[in-house]
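Asker: have a look; sequence and predicted model below, questions after that.
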Amino acid sequence: MALTGPERRMQAQDREGLHWLGRAAAIGASAAFLSWPAFFNGFPLLYPDSMTYLADGPPVARAVFLHQPSDYYGVRSFFYSLGILPCHWNLNPWPIVALQCMLVAWVAWLAVRSITPRHTVSRYLIVMAFLSLLTSASWYAAFIMPDILGPLLYLSVYLLVFARDTLGRAERISLYPIVWWAATAHATHFLLAVCLCMLLAAFAVFRPRWQHRLVAVGEATAILALAAAAQMALHGYLYGHVTLNGERRPYLMARIISDGPGLWYLEQNCSHLQWTVCNHLQQLSTDTDAFLWSEDGIFERASDEDRVRLSNEEMPLVLAAVRAYPRQQFSRSAANFEGQLGAFGCYGFDAGQWTLTQFDSVLPSSRARYIESRQARDALPLDLVSEIQWWTVVASLAVIAGLIPILWRRHSERLAGLGLVVVSMVVINALVTGVLSVVDDRYGCRVIWLLPLLAGLAILDWLHQREAAADLATQQRSAAQI
């Protein structure tokens, strides 16, 4: 019996509902894949900064929403602290893991679908299982830190600029708050995103085929501008003066002293300089963390007035040291960049004794569960995880290099855009963090999983092109027979 028009529409709606159900189930399953390090550990993964992010949310929220100011708000991103506050309320950090895993799963779904429109669910699940088991993606999704939001920001910019036609209106709008939150969550994310937009704008200007993407680049840039405006507005409200990064510490001063040129300049010129840092010349450390964070370090022991003076002396010292020792500083910065580019082991999960001491004030009800975790007992297999990721990255680079000639002939614009975003962000991340901060495996580890993702999507694009070619050949044979 032939179906009536309403019956056919109901069948189509049922099929579409099943498709959406399958997609939602795949995204949910992927989020569960990503959370396995937290369950394996027995607790969400922590870092000393994690406790600061958890602690800073309530005083900032009280100041903003209840107009109850505080004497001190902290030095980390207030927007990450506020964003995760509804997920924990200083009681239970597990919902933060759920939120971050869902965000990774969602953005990864859109990225996979942009490359492979066929068999998307099954291939997406394979990619997510691969990333979850063999890369740091799962470890950083289960990490109470804003680090995972950086890669999501860069992938979201790729989707808005190069895969806009694969996004529905609601999907595109869902990326806006992700870009905004990620950009406000850490100063490095914002800086790298600005660099990315500038790079994409330059390519769009000089490549005629990409000029139509300038509007999308402008849209991403506008979201970053809103993120900067929100930060300045919040800091202005809390501190009484507008600033982009709040009460930031003199990282560049610590870096250039650690590199050598800053220390040499001070040794040569402190006799006639009226700088506060010169009062501590004999105590200057080549360890940037000791300078900035150690309890007996220069900055921690300084008075509020001296901290202001040290911050004001930062750029004059940096500029003077670079002018005095340009070759030496360039050589040291190049070595730092090279070192950071190869530093991506999963060793950034050392919570330390200080973290345990903060539980009574930050997460009192979770202290016992944390003590039982593998991280607290220093029993996480980080050497094994790091080795697995190292070989995964090496294999991914080999796959990318092997597929470049094939994909180049097919002119896959989306994959080329994804490659530009991923490779540039891995390189610029190493440049910014290694040169301006310190060489640290954590800085590389949080973005390096984008390379295996790129390799996986390159394979999927190659398979899609083969399937499309096979379908075309079949259609041509059928037409010839007719």
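Answerer: Cool, got the structure. Quick caveat: nothing in here was measured; it's all calculated off a predicted structure.
Asker: pretty sure residue 164 sits against residue 219.
Answerer: No. With contact defined as C-beta atoms under 8 Å, residue 164 does not count as touching residue 219 (9.1 Å). Just so you know, the C-beta spots here come from the backbone N, C-alpha and C atoms, and that holds for glycine as well.
Asker: for residue 45, phi and psi?
Answerer: phi -70, psi 140 (degrees, to the nearest 10).
Asker: and if you look at residue 143?
Answerer: According to degrees, to the nearest 10, residue 143 has phi -110, psi 120.
Asker: find the nearest non-adjacent residue to the residue nearest the centre of the chain, please.
Answerer: With distances taken as C-alpha atoms, centre = their mean, the residue of the chain nearest its centroid is residue 150 (1.8 Å). Ranked by C-beta to C-beta, 6 or more residues apart in numbering and with sequence neighbours excluded, the top spatial neighbour of residue 150 is residue 189, at 4.5 Å.
Asker: looks like the residue nearest to the centre of the chain contacts residue 184 (just checking).
Answerer: No. Counting by C-beta under 8 Å, residue 150 does not reach residue 184; the two are 11.9 Å apart.
Asker: C-terminal to the lowest-mean-pLDDT helix or strand in the chain, what's the next element?
Answerer: In the chain, no helix or strand scores lower on mean pLDDT, DSSP states H and E than helix 5-34, which sits at a mean of 68. Using DSSP states H and E, the next helix or strand after helix 5-34 towards the C-terminus is helix 36-41.
Asker: residues contacting that next one, please?
Answerer: Contacts to helix 36-41, defined as C-beta atoms under 8 Å, 6 or more residues apart in numbering, come from residues 44, 45, 94, 97, 132, 138, 139, 142, 373, 374, 375, 380.
Asker: and stretch 367-374, by the same measure?
Answerer: Contacts of stretch 367-374 (C-beta under 8 Å, 6+ apart): 40, 41, 42, 43, 46, 356, 359, 360, 363, 376, 380.
Asker: pLDDT averaged over it, what's the number?
Answerer: Average pLDDT, stretch 367-374: 94.
Asker: any weak-confidence spans in the protein?
Answerer: The chain contains residues with pLDDT under 70 at 1-18, 407-411, 467-482.
Asker: please redo it, this time with the cut-off set to 50
Answerer: 1-18 (pLDDT under 50).
Asker: ok, residue 235 touching residue 244?
Answerer: Yes. Residue 235 lies in contact with residue 244 (C-beta under 8 Å); the separation is 7.4 Å.
Asker: okay, these two: which has more neighbours?
Answerer: Per other C-beta atoms under 10 Å, whichever of residue 235 and residue 244 has more neighbours is residue 235, with 19 against 13.
Asker: what helix or strand is that one on?
Answerer: helix 214-239.
Asker: what's that helix packed up against?
Answerer: helix 48-65, helix 78-88, helix 149-162, helix 169-185, helix 187-206 (3 or more C-beta pairs under 8 Å, 6 or more residues apart in numbering; DSSP states H and E).
Asker: go with 6 Å
Answerer: If contacts are counted by 3 or more C-beta pairs under 6 Å, 6 or more residues apart in numbering; DSSP states H and E, helix 214-239 sits against helix 149-162, helix 169-185, helix 187-206.
Asker: buried residues in it, which are they?
Answerer: 216-217, 219-221, 223-224, 227, 230-232, 234-235, 238 (16 or more other C-beta atoms under 10 Å).
Asker: can you check stretch 153-165 too?
Answerer: Buried residues in stretch 153-165, counted by 16+ other C-beta under 10 Å: 153, 154, 155, 156, 157, 158, 159, 160, 161, 162, 163.
Asker: any idea how far the closest residue to the fifth one other than its chain neighbours lies from residue 146?
Answerer: The shortest distance from residue 157 to any residue other than its chain neighbours is 5.0 Å, reached at residue 220 (C-beta to C-beta, 6+ apart). Look at residue 220 and residue 146: by C-beta to C-beta, to the nearest Å, they are 19 Å apart.
Asker: before we move on, what about residue 205?
Answerer: Taking C-beta to C-beta, one finds residue 205 at 32 Å from residue 146.
Asker: what does residue 399 give?
Answerer: 30 Å.
Asker: when these two are compared, which one has more neighbours?
Answerer: Neighbours were counted for residue 399 and for residue 146 using other C-beta under 10 Å; residue 146 has more, 27 against 18.
Asker: residues touching residue 201, list them.
Answerer: residue 217 (C-beta atoms under 6 Å, 6 or more residues apart in numbering).
Asker: repeat that with 8 Å
Answerer: Taking C-beta under 8 Å, 6+ apart, one finds 214, 217, 221 in contact with residue 201.
Asker: tell me the one of the residues you listed nearest residue 310?
Answerer: The closest of the contacts of residue 201 to residue 310 turns out to be residue 221 (C-beta to C-beta; 33.4 Å).
Asker: I'd say the closest one and residue 197 touch.
Answerer: Yes. Applying C-beta under 8 Å as the test, residue 221 and residue 197 come out as touching, 4.8 Å apart.
Asker: about what we covered before: need the next SSE after the helix holding residue 235, C-terminal direction.
Answerer: In N-to-C order, the element after helix 214-239 by DSSP H and E is helix 251-259.
Asker: check which helices and strands that following helix sits against.
Answerer: Against helix 251-259 (3+ C-beta pairs under 8 Å, 6+ apart) you get helix 261-269, helix 288-292, helix 304-324, helix 326-341, helix 413-436.
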